[in-house]
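*Asks:* model this:
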Amino acid sequence: MADASDFALEPPFAQKFKPSRAKEIIGTVLVARLSGQQYHADNTSSWAREIADEIKNKLKEENWSRYKFVVQVFIAEQRGEGVRLACRGFWDPSTDNYAHDTFSNESLFCVATAFGVYLY
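*Replies:* Down below sits the predicted model:
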């Protein structure tokens, strides 16, 4: 049984959430899932759920122990209009972080964001 003094309040540097690696994962999933797709409002809900699940599963494979992941996927029709997305959270900046990436084609655009939150 582990001694209470062995409890780590922060992950070792090698096991910290790495936004650059998470961005690679997000980008790879978006290209694989959305290349060649056309926007259909009826499909976007299931696409977003599937993409979020795949990103979350791939992040878990990175073995960032004691991290929980929240993934948000936004898919909309490409109509030449602007959009602004924002997020806000309460976390520990020494351990928690996020990454995002975008995908677009002539029919749709997608923004996916992954948040890595360390559990104390």
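
*Asks:* beta partners for residue 70?
*Replies:* residue 115 (DSSP bridges).

*Asks:* give the contact list for it.
*Replies:* By Cβ atoms under 8 Å, 6 or more residues apart in numbering, the contact list for residue 70 reads 114-115, 117. All C-beta spots, glycine's among them, are computed from the backbone N, C-alpha and C.

*Asks:* among the residues you listed, who's most crowded?
*Replies:* residue 114 (26 neighbours; other Cβ atoms under 10 Å).

*Asks:* so it touches residue 24, yeah?
*Replies:* No - using Cβ atoms under 8 Å, residue 114 is not in contact with residue 24; the gap is 11.2 Å.

*Asks:* hmm, back to that, including distance to residue 50, could the contacts of residue 70 go into a markdown table?
*Replies:* Supplementary listing: the contacts of residue 70 in a markdown table, determined by distance: Cβ to Cβ, whole Å:
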| residue | distance to residue 50 |
| --- | --- |
| 114 | 15 |
| 115 | 19 |
| 117 | 22 |
